[in-house]
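[1] Prediction below, plus the sequence it came from.
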Amino acid sequence: MKKINAEQPIGIFDSGVGGLTVAKAVAEVLPNESIIYFGDTAHLPYGDKSQQAIQGYTIRIVDFLLGKGAKAILIACHSASAAAYDVLKNYIGDRALLINVIDPVLQLLEEKYAGKSIGLIGTKFTVWSQIYQRRIAALDANIVFQALSTPLLVPIIEEGLFKHQVIDLVLAEYLSRFSLQNIDALILGCTHYPIIKQAITRFFQGKIDIIDSAQAAAITLKELLTEQQLLADNIKTSRKFYVSDYTPAFAELAKMFFGEGINLELYNQ
C-alpha cells in the first residue's frame, strides 16, 4: 500500500445525490473524518446506462477524488458498484482504499442470514446485472434470494414526494409482488431508498428486517480504516460536496438526503 496519511479525506461518489445517504452514515459513524463527495448529476441515473458508460464516468470521478487526496473511496451507488468495482480496483491500485456498497451487505448476509429468504429492490441495472444473485450463491449459505426492479421509486423520491401518499401506493404495488412474499429481510439496493425506509417498514408492519446498505458500508469503512491504522483524529473536519451539473432543485434535494444544509460546488469534468 502506498503511504497514505490518516488525516487525508474520504472520497464518496454516486450518480447523483442518493449517495448522500451513505455520506450521512459515514459522517455519523466516523465523525472525525473529512469527506469529499461527488455527485455525477450530469449523467444520472446510472441505473439505465451501459456498463461501459458507467466505467468511463467513474474512472473520471476517481481521478478527481484522488486529486483531492482521498485515502479511501466509497462507491455509494449499487449500479456503479456492480458495473465498475473491479475496473476501479485495478485502476486505483495502492493509491487509495476502495469500498463498494455491495460487499458489506454480503458480509452481513453471510453472518446473520444463512438459511433465510432475502429480497432486494433496486435499479434496473443492479437487478439486471445479477451481481447479488451470483455473489449470494457463492456464499453457499443456503439463502433464497429474489430481486425486483423498482424504477419508479427514484424519480418519486427526487420529486420530493417521499412523504406523499403516492409513495405508499407505489410501494404497495411493488412490495406485494409474488417474488417478495415470505421474505425474512429486504435489501435496500439503491442509495435513494433509505429516504423511504420508514414507509417500507410500515408496509411490512415491522415483521421483516430492512437491510440498509448505507449503514453497512459506513461500518465496513470504519473497520477497514481501523485495520489499516488510517482512522483520523481531526478536531476540525471538512466536508465538501461537488456535482457535475448544478440546479437549485438539486441543492434542495441534497439537503433532504444529507439531513442538513450543505453547499454544492459545480465541477465540470
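    On my side now, so go ahead.
[2] so what are the domain limits for this protein?
    Domain segmentation of the chain under automatic domain parsing yields 10-100+215-266, 103-213.
[3] want to try a markdown table for those domains, with mean neighbour count and mean pLDDT as columns?
    Heads up, the C-betas are built off the backbone N, CA and C, glycines and all. Output for these, formatted as a markdown table (neighbours: other CB atoms under 10 Å; pLDDT from 0 to 100):
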| stretch | mean neighbour count | mean pLDDT |
| --- | --- | --- |
| domain 10-100+215-266 | 20 | 93 |
| domain 103-213 | 18 | 94 |
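[4] Which of those sits closest to residue 3?
    Closest approach to residue 3 among the domains of the chain (CB to CB): domain 10-100+215-266, 9.3 Å.
[5] Quick check: end-to-end length of that closest one?
    Chord length of domain 10-100+215-266, first to last residue, is 19 Å (CA to CA, to the nearest Å).
[6] distance between it and the chain's centre?
    9 Å (CA atoms, centre = their mean, to the nearest Å).
[7] show me the contacts for the residue most central in space within the chain.
    Centroid-nearest residue in the chain: residue 76, 3.3 Å away (criterion: CA atoms, centre = their mean). By CB atoms under 8 Å, 6 or more residues apart in numbering, the residues touching residue 76 are 12-14, 18-23, 101, 191, 214, 217.
[8] Tabulate those residues (JSON lines), appending distance to residue 201 and secondary structure.
    Formatted as JSON lines, those follow (distance: CB to CB, whole Å; DSSP: H, G, I helix; E, B strand; the rest coil):
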{"residue": "12", "distance to residue 201": "25", "secondary structure": "strand"}
{"residue": "13", "distance to residue 201": "28", "secondary structure": "strand"}
{"residue": "14", "distance to residue 201": "23", "secondary structure": "strand"}
{"residue": "18", "distance to residue 201": "19", "secondary structure": "coil"}
{"residue": "19", "distance to residue 201": "22", "secondary structure": "coil"}
{"residue": "20", "distance to residue 201": "21", "secondary structure": "helix"}
{"residue": "21", "distance to residue 201": "15", "secondary structure": "helix"}
{"residue": "22", "distance to residue 201": "19", "secondary structure": "helix"}
{"residue": "23", "distance to residue 201": "22", "secondary structure": "helix"}
{"residue": "101", "distance to residue 201": "20", "secondary structure": "coil"}
{"residue": "191", "distance to residue 201": "17", "secondary structure": "coil"}
{"residue": "214", "distance to residue 201": "15", "secondary structure": "helix"}
{"residue": "217", "distance to residue 201": "20", "secondary structure": "helix"}
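[9] Turn these into TSV, including distance to residue 229.
    Formatted as TSV, the contacts of residue 76 follow (distance: CB to CB, whole Å):
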residue	distance to residue 229
12	21
13	25
14	28
18	31
19	26
20	28
21	28
22	23
23	23
101	24
191	28
214	25
217	20
